[in-house]
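A.B. asks: Quick one: sequence plus predicted model below, questions after.
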Amino acid sequence: MRPYAPMIRVRTRSPDNTRELAASLAEQAQAGDLLLLVGDLGAGKTTFTQGFAAALGISEPVTSPTFTLAREYRGRLLLHHLDVFRLDQISEVLDLGLPELLDSDGVILIEWGDAIRQALPSDYLEIALTFVEGRPSPPDERVVVLTPVGSRWQARVDELTTLTEPWLESPPC
């Protein structure tokens, strides 16, 4: 285990490739995992969640819960999919029942999770998806930066690096 949590930088070249990356991470998901999905509109947060859900054995369609704020799916693990884009105040997080979800036997994926970071526990995996800019590239190409935060995720850095190796852009820094 490393004494700090390095960022792992990977690159996906299509929506299917983003789903494959998410599926790889989901295969090692554990009850109690919290993942924050960060990125601009259209960056691939819901696409990532679809791949993650499929790898958990969830066969129903996964869509962004932008208007419902939260959806629950049953698979190998219970998946709580939240979208906090429309929350105006941090106090609204309590209305979602987030403390109860964190105590459940499931995995939580929060789209726009950086907006409520201060209301969350200090153990999570931040997954930032950004468009590739500055050079000719496929329109669906994304840089994905995984930042393990807290001891739960720091202990899994080597595992995360191995899981993301097919997409690895550069060694963890």
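C.D. replies: Thanks, I have it.
A.B. asks: Is the residue lying closest to G106 once chain neighbours are set aside bridged to anything, and to what?
C.D. replies: Among residues not flanking G106 along the chain, L78 sits closest, at 3.2 Å (CB to CB, 6 or more residues apart in numbering). No exception for glycine: its C-beta is placed from N, CA and C like everyone else's. According to DSSP bridges, the residues that bridge with L78 are R74.
A.B. asks: how close does L78 sit to V10?
C.D. replies: Using CB to CB, to the nearest Å, L78 is found at 26 Å from V10.
A.B. asks: If I look at L160, what pLDDT would I see?
C.D. replies: Note for L160: predicted pLDDT of 95.
A.B. asks: Can you give me every residue that contacts it?
C.D. replies: I8, L25, L125, L146, P148, W153 (CB atoms under 8 Å, 6 or more residues apart in numbering).
A.B. asks: The same query, at a cut-off of 10 Å, please.
C.D. replies: A5, P6, I8, V10, S24, L25, Q28, L125, L146, P148, W153, P172 (CB atoms under 10 Å, 6 or more residues apart in numbering).
A.B. asks: Using TSV, please lay out those residues together with distance to L37.
C.D. replies: Shown next, in TSV, are the contacts of L160 (distance: CB to CB, whole Å):
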residue	distance to L37
A5	17
P6	19
I8	15
V10	14
S24	16
L25	12
Q28	17
L125	10
L146	11
P148	15
W153	15
P172	20
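A.B. asks: From those residues, list just the buried residues.
C.D. replies: Restricting those to buried positions leaves A5, P6, I8, V10, S24, L25, L125, L146, P148, W153, P172, with burial counted as 16 or more other CB atoms under 10 Å.
A.B. asks: Which two among the residues you listed are spaced furthest apart?
C.D. replies: A5 and S24 (19.0 Å; CB to CB).
A.B. asks: ok, L77 to E159 distance?
C.D. replies: Counting by CB to CB, the gap between L77 and E159 amounts to 17 Å.
A.B. asks: At which residues are the helices of the chain located?
C.D. replies: Using DSSP state H, the helices found in the chain span residues 15-26, 45-55, 92-95, 98-102, 151-154, 157-163.
A.B. asks: L77 and E159: which is more packed in?
C.D. replies: L77 (20 against 13; other CB atoms under 10 Å).
A.B. asks: Check whether that one really touches L109, as I assumed.
C.D. replies: No. In this structure L77 lies outside contact range of L109 using CB atoms under 10 Å: 11.2 Å.
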